[in-house]
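got a structure for you, letters missing:
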């Protein structure tokens, strides 16, 4: 499977006077979180909630800021989440994807709303 990218709109729900930021995000369901670069965190004036230790691809560990809240929008879906400030591009992980009920189409290399639930997101709660 090749790399999958998607357009997302990010905003600060605490300070709605700020402009939204439209980004192209790498989609990786093997990652859990939303990851954003420092310049996006600064544009959205996101507050650092805490430091978190993360293990990166080479196996090393580093501390990074965990900021939020972030409002994330994809087509007719949205969610509120925190974000790890790391890297030089936006990465969409499994937690916000599940929250918005998004699915990956590997053959098409794209993300879409779950076709079983086209109008509103669905979740399993038991």
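Alright, I've got the coordinates. All figures in this text were calculated on a predicted structure; none of them were measured in a lab.

Spell out which residues sit in contact with residue 21, please.
By CB atoms under 8 Å, 6 or more residues apart in numbering, the contact set of residue 21 is 9-11, 40, 43-44. For glycine as for every other residue, the C-beta is placed from the backbone atoms N, C-alpha and C.

so who does the nearest residue to it once chain neighbours are set aside touch?
What sits nearest to residue 21 in space, not counting adjacent residues and going by CB to CB, 6 or more residues apart in numbering, is residue 10, at 4.8 Å. Going by CB under 8 Å, 6+ apart, residue 10 touches 20-23, 36, 40, 44, 70-73, 90.

quick one on the thing from earlier: ok, of the contacts of residue 21, which come out buried?
The neighbour count (16 or more other CB atoms under 10 Å) marks 10-11, 40, 43-44 as buried among the contacts of residue 21.

Please report phi then psi for residue 115.
The phi and psi values for residue 115, taken as degrees, to the nearest 10, are phi -60, psi -20.

All good on my end, thank you.
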